[in-house]
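Engineer: Requesting a structural model of the entry that follows:
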Amino acid sequence: MPDIEDRFHRKYKDRGLVVVGVNPGGRGGVQGGPSTDDIGGVQRYTENLGVTYPIGLEQTSNYTAYTANYRGANPFPVDIIVDKDGKMVYIAREYEPDAMTAIIERLLAR
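Structural biologist: Numbering: from 1, shown residues only. Alright, predicted model coming up:
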């Protein structure tokens with residue numbers, strides 16, 4: 001999360017990039033993080049990491065169940081880049097910041 005803050009959010013926010021994190025629900029949705037039942041705990045956790053981009057809380061776990069059924073056992077972590085038209089142009093289970101940077105640069109150049 002701190003790397004995403006530095007490498008993407010801070011660097012590109014003034015050029016139109018919007019970064020949103022999602023805590024997938026349940027205990028430790030973010031490894032070592034608080035349960036989404038503890039919204040204040042999630043806020044403190046991200047603040048302690050220096051994360052300033054918004055974090056959505058998926059409290060019903062419907063997304064997690066759906067993704068597990070159709071995409072594999074554990075859907076998180078996953079990185080997704082959505083273009084300005086709402087089309088998913090990048091999905092990866094492994095964090096590949098160089099690949100993400102190339103795609104973001106290309107999208108922002110349009």
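Engineer: From now on I want contacts and neighbour counts done on CA atoms only, so please keep to that.
Structural biologist: Fine.
Engineer: what residues are up against the residue most central in space within the chain?
Structural biologist: Taking C-alpha atoms, centre = their mean, the centroid of the chain lies closest to G21, which sits 3.3 Å from it. By C-alpha atoms under 8 Å, 6 or more residues apart in numbering, G21 lies in contact with Y53, P54, I55, G56.
Engineer: partner residues bridging the third one?
Structural biologist: Think I55. Per DSSP bridges, residues listed as beta-bridge partners of I55: G21.
Engineer: how many other residues sit next to it?
Structural biologist: With neighbours defined by other C-alpha atoms under 10 Å, the count for I55 comes to 15.
Engineer: these two touch, right, it and N23?
Structural biologist: Yes: between I55 and N23 there is a contact at 6.8 Å, judged by C-alpha atoms under 8 Å.
Engineer: thinking again about what came up before, mind picking the two most distant members of the contacts of G21?
Structural biologist: Y53 and G56 (9.9 Å; C-alpha to C-alpha).
Engineer: Common neighbours of those two, please.
Structural biologist: By C-alpha under 8 Å, 6+ apart, the residues touching both Y53 and G56 are V20, G21.
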